[in-house]
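Undergrad: Sequence and predicted structure below; questions after.
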Amino acid sequence: MRRLLVNAGAGLVATAAMTAAMEAMFRMLPRYQRYPLPPRLITTRMLRRIGAPLGLRSHKDALTMLNHFGYGAVAGALHTPVTALRLHPLVEGALYGMAVWGGSYLGWLPKAGILPHPKHTPKKRTALMIVAHLVWGTTLATLAQAATGRLPPRRWARSRRGSGPLSRAELAPRGASRRRQTSSPR
């Protein structure tokens with residue numbers, strides 16, 4: 001249960017990073033492609049579908065963020081079984097982010113008639129959403145692993161001396177004796 005809640009929280013934070021990336025990339029789109037992004041389109045179309053009044057723009061903005069962050073938290077919580085794979089967080093996150101993108105944009109969203117299939121969407125907008133899901137997934141996996149004490153293997157880290165790989169002393173287990181940490185073959 002704790003890991004589920006940790007991953008849901010990581011999903012919320014990862015959604016904030018994703019949203020910032022989406023907003024930055026949105027400004028780089030050609031002007032004719034700067035219509036609302038999927039979170040807004042999904043919210044608006046769902047409101048229309050259930051016959052709810054669209055209301056003020058500020059209400060739609062708040063509801064869009066609530067839906068977007070809620071989906072990110074739920075998808076983050078569903079990430080829990082994936083952590084058993086023991087992959088580096090960048091690999092785990094990229095794979096999971098692409099699975100969420102694929103399940104949504106190639107799966108349930110077009111099948112439900114909420115959004116068109118990506119082959120009917122401008123390539124730059126599709127690329128924006130793929131990159132945003134990579135940001136989300138890698139942020140989620142990194143935060144989830146850090147919060148549960150399962151950080152990446154130390155071999156991925158950089159040396160305390162600056163650049164370059166870790167020395168033998170830095171790779172030695174934390175409980176190793178001082179002599180063993182400082183001795184190295186010459």
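TA: Thanks, I have it.
Undergrad: Assign residue 116 to helix, strand or coil.
TA: When classified by DSSP: H, G, I helix; E, B strand; the rest coil, residue 116 comes out as coil.
Undergrad: Tell me how many other residues crowd it.
TA: 12 (other Cβ atoms under 10 Å). Glycine gets a C-beta too; all of them are placed from N, C-alpha and C.
Undergrad: And the closest residue to it other than its chain neighbours, how far from residue 47?
TA: Distances taken as Cβ to Cβ, 6 or more residues apart in numbering place residue 110 nearest to residue 116, at 6.3 Å, with adjacent residues excluded. Spatial separation of residue 110 from residue 47 under the definition Cβ to Cβ, to the nearest Å is 19 Å.
Undergrad: just residue 91 next, same as before
TA: When Cβ to Cβ is applied, the distance between residue 91 and residue 47 equals 37 Å.
Undergrad: Which one's more surrounded, the two?
TA: Comparing residue 91 with residue 47 by neighbour count (other Cβ under 10 Å), the higher total belongs to residue 47, at 18 against 14.
Undergrad: who are the neighbours in contact with the closest residue in space to that one that isn't next to it in sequence?
TA: Nearest residue to residue 47, sequence neighbours excluded (Cβ to Cβ, 6+ apart): residue 54, at 5.8 Å. Applying Cβ atoms under 8 Å, 6 or more residues apart in numbering, we find residue 54 in contact with 44, 47-48, 60.
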